[in-house]
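> below are the sequence and a predicted model for it; my questions follow.
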2 protein chains.
Amino acid sequence: MSKITLAQGSGGVESNRLINEVFFKRLKNDILLRAEDAAVFKIEGKTAFTTDSFIVSPIFFAGGDIGKIAVCGSCNDLAMMGAKPKYLSLSLIIEEGFDVGDLERIADSIAAELAVNGAMVVTGDTKIAPRGSVDKIFINTSAVGEVMLEGISCKNLKAGDKIIVSRSVGEHGAAIFSAREGIELVSALKSDCASMWPTVEKLLGAKAQIISMRDATRGGVAAVLNEWCASSAVSMDIVEESFTVLPEVAGVCELLGFEPLSLANEGTFVMAVREGEDEILNILKSYDFTKNAAIVGEVIDDGKNRAVLRNGYGTRRILEYPTGELLPRIC
Amino acid sequence: MSKITLAQGSGGVESNRLINEVFFKRLKNDILLRAEDAAVFKIEGKTAFTTDSFIVSPIFFAGGDIGKIAVCGSCNDLAMMGAKPKYLSLSLIIEEGFDVGDLERIADSIAAELAVNGAMVVTGDTKIAPRGSVDKIFINTSAVGEVMLEGISCKNLKAGDKIIVSRSVGEHGAAIFSAREGIELVSALKSDCASMWPTVEKLLGAKAQIISMRDATRGGVAAVLNEWCASSAVSMDIVEESFTVLPEVAGVCELLGFEPLSLANEGTFVMAVREGEDEILNILKSYDFTKNAAIVGEVIDDGKNRAVLRNGYGTRRILEYPTGELLPRIC
């Protein structure tokens, strides 16, 4: 068994063998082993539920792969709602002829990233598509978590709330672009792809009043801030220099005319905090991965419902909601 | 907006517009409207959770389309575990250039089938893949339900349990094959694609002891019976003539050398019942869709862990676990 065959998607003998040898062995747990048509478990508090499909190209890139990003993506969506990731579904669409060794690497990544979250895959599905009808492999994960902090919402921002960004921005977008184009000069660059729950769990223990959290994926920080302005009917005063942009990311942006704040991230999030922003910042800065966390601005009420970027020279410009397609298949 | 563009997958302005105009409008509900990175709700009892990706080709076929099958598939998996479907995720991977009118038809089907189940979509994701990297549209649904009858399991069958099949078999597989090959002579044929929860809900009210339920999708009834024999370490004595096979399905099978019991179904299920099988059968027969329900055999204990098909001439043959690929992209 070195290449995926259509028979492995038939629901018969070969399907069973593929699932057992590649996935069960790496992902097994009591619920998955018991699972029949559906997994059964009990969530005590409120349930959070999210889904994401991943079509990232290339499937292996600096800082991650489609397996890692598939677990991070859905778990991060739960974390952003103050929920602990617990149970994931894993659904794969694999192209006939796909390399089984690559599939095993992806399954290894999935297992490793589940461990970071303390979560498990409890139900799954595998489809094999004939050559040419899917490009290599697409993965969907849906995730169920238990809400640990209620009331997080992008609709509750108000003037005076501080906006915090957890780390430097744009690395995932820049890394994928570089990988795709084979740009060697930015080879130090890697995706920020990471699971945020361990960090968020620490933040939930702070005395701060967390209003909203959002991972800045497709559309980047610019999309998040624009959506929050619209959802809460507020404006934002954002200081351009407060963001950290790695030189490699700035380089890709200059080359292509991209705005770093519109580039996708996969382990970087935005928070709106009403009280205790210094404690939040200190917690973030105490970890290497989020050492560049910063308060980037604050919510204001000028009736215009927009985010304005201010730079050191006093120039102001509207931070536009991203439009058009920067980079297809970024995640 | 008549064809899907890459910009609609960017996470910016165009993504928002597509989601609002095609999906929100048809699927809106209080939880979806509140949903941010994840939907939040409360499940009182035990939670059942399942996932399925759909890559069926063609996307529109007699008796259904990829939207209908995507809702039926995941909801049926919950129903088979005795769980009421409640909350679904909907994740789409759409090819650049896909017709927006077709997407609206699919969204209409999704909305209609959700209503049959009394379920709602509460979280979603939309990816647009460049032309050629996905064939038209793939859909993942994951579903969360509340367990109404605990203890359903394919590991608990024992000698004497009756095996019931809910209706005629093989129609989905035969319909997809015919649609794909443009076979006109079997045009009366349509997929059995349907949501089973309304029927299962009635069965749960019976005094019967339901041991196991399984929808006979990929691999058909043959896969279900073989898996149950293996899971419970039992054998089965199955009477070949007790199955209803429509003439159109028999025709396709003869043409291609298929076994009707190995053809996929999308609205047909198998049950193992310990007591009250007549009540179960009467309930099923009282609905037009399941009027051909039948007891097809019973569990025996001969130590061989296999299903044996017996016909009217007294001939016996082992019902093989399907092997190889009958029909790729059947669901």
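Thanks, I have it. Numbers count the residues shown, from 1 in each chain, chains lettered A, B, ... in the order given.

> going by C-alpha atoms from here, please, whenever you check contacts or count neighbours.
Will do.

> what's the local residue count around A:E150?
11 (other C-alpha atoms under 10 Å in any protein chain shown).

> correct me if wrong: A:L18 contacts A:Q8.
Yes: contact criterion C-alpha atoms under 8 Å: A:L18 and A:Q8 qualify, at 6.5 Å.

> okay, these two: which has more neighbours?
Legend: neighbour count by other C-alpha under 10 Å for A:L18 and A:Q8, higher for A:Q8 (23 against 18).

> give the contact list for the more buried one.
A:Q8 makes contacts with A:E14, A:S15, A:N16, A:R17, A:L18, A:I128, B:G324, B:E325, as judged by C-alpha atoms under 8 Å, 6 or more residues apart in numbering or on different chains.

> quick one, phi/psi of the third one?
This points to A:N16. When read as degrees, to the nearest 10, the backbone of A:N16 gives phi -60, psi -40.

> for it, which residues are in contact?
A:Q8.

> again, only this time at 7 Å
A:N16 makes no contacts at all, as judged by C-alpha atoms under 7 Å, 6 or more residues apart in numbering or on different chains.

> distance of it from A:G124?
As for A:N16, its distance to A:G124 is 12 Å (criterion: C-alpha to C-alpha, to the nearest Å).

> filter the contacts of A:Q8 down to the buried ones and hand me the PyMOL line.
Applying 16 or more other C-alpha atoms under 10 Å in any protein chain shown to the contacts of A:Q8 leaves a buried subset, and the PyMOL line that selects it is:
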select buried, (chain A and resi 14+15+18+128) or (chain B and resi 324+325)
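
> between the contacts of A:Q8, which is closest to A:V100?
Lowest distance from A:V100 to the contacts of A:Q8 (C-alpha to C-alpha) belongs to A:L18, with 9.2 Å.

> longest helix of chain A?
Longest helix of chain A, by residue count under DSSP state H: helix A:100-117.

> what's the next helix or strand after that helix packed up against?
In the C-terminal direction, the helix or strand that comes right after helix A:100-117 (DSSP states H and E) is strand A:120-129. Counting contacts by 3 or more C-alpha pairs under 7 Å, 6 or more residues apart in numbering or on different chains; DSSP states H and E, strand A:120-129 packs against helix A:30-34, strand A:83-95, strand B:47-54.

> for the ones you listed, which one ends up most surrounded?
When these are scored by mean count of other C-alpha atoms under 10 Å in any protein chain shown, the highest mean neighbour count falls to strand B:47-54 (a mean of 28).

> quick revisit: can you put the contacts of A:Q8 in JSON lines and add secondary structure?
Shown next, in JSON lines, are the contacts of A:Q8 (DSSP: H, G, I helix; E, B strand; the rest coil):
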{"residue": "A:E14", "secondary structure": "helix"}
{"residue": "A:S15", "secondary structure": "helix"}
{"residue": "A:N16", "secondary structure": "helix"}
{"residue": "A:R17", "secondary structure": "helix"}
{"residue": "A:L18", "secondary structure": "helix"}
{"residue": "A:I128", "secondary structure": "strand"}
{"residue": "B:G324", "secondary structure": "coil"}
{"residue": "B:E325", "secondary structure": "coil"}
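
> neighbouring contacts of the longest helix of chain A?
Identification of contacts with helix A:100-117 by C-alpha under 7 Å, 6+ apart yields A:2-4, A:22-23, A:26-27, A:66-68, A:71, A:85, A:120, A:195, A:197-198.

> ok and it relative to strand A:83-95, angle-wise?
Put simply, helix A:100-117 runs at 170 degrees to strand A:83-95, going by axes from the mean of the first three to the mean of the last three C-alpha atoms, to 10 degrees.

> which of the contacts of A:Q8 lies closest to A:A38?
A:N16 (16.4 Å).

> and the pLDDT for that closest one?
We have a pLDDT of 88 for A:N16.

> again, but for the one 10 residues further on
With respect to pLDDT, A:R26 scores 96.

> buried residues in stretch A:126-143?
Buried, per 16+ other C-alpha under 10 Å, within stretch A:126-143: A:126-129, A:133-143.

> among those residues, which are in strands?
Among the buried residues of stretch A:126-143, DSSP state E puts A:T126, A:K127, A:I128, A:A129, A:I137, A:F138, A:I139, A:N140, A:T141, A:S142, A:A143 in strands.

> of all the residues you listed, which two lie farthest apart?
Maximum distance among those (C-alpha to C-alpha): 24.3 Å, for A:A129 and A:A143.

> re the thing from before, avg pLDDT for the longest helix of chain A?
98.

> alpha carbons of it, as PDB, please.
Extracted in PDB, the C-alpha atoms of helix A:100-117 (Å, rounded to 0.1, in the frame of the first residue of the first chain):
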ATOM      1  CA  VAL A 100       0.400   6.900   1.500                       C
ATOM      2  CA  GLY A 101       3.700   8.100   3.200                       C
ATOM      3  CA  ASP A 102       2.500  11.700   2.900                       C
ATOM      4  CA  LEU A 103      -0.800  10.700   4.300                       C
ATOM      5  CA  GLU A 104       1.000   9.100   7.300                       C
ATOM      6  CA  ARG A 105       3.000  12.300   7.800                       C
ATOM      7  CA  ILE A 106      -0.300  14.300   7.800                       C
ATOM      8  CA  ALA A 107      -1.900  11.800  10.300                       C
ATOM      9  CA  ASP A 108       1.200  12.200  12.500                       C
ATOM     10  CA  SER A 109       0.800  16.000  12.400                       C
ATOM     11  CA  ILE A 110      -2.900  15.700  13.300                       C
ATOM     12  CA  ALA A 111      -2.100  13.500  16.300                       C
ATOM     13  CA  ALA A 112       0.600  15.800  17.500                       C
ATOM     14  CA  GLU A 113      -1.600  18.900  17.300                       C
ATOM     15  CA  LEU A 114      -4.500  17.200  19.000                       C
ATOM     16  CA  ALA A 115      -2.200  16.500  21.900                       C
ATOM     17  CA  VAL A 116      -1.400  20.200  22.200                       C
ATOM     18  CA  ASN A 117      -5.100  21.000  22.500                       C
END
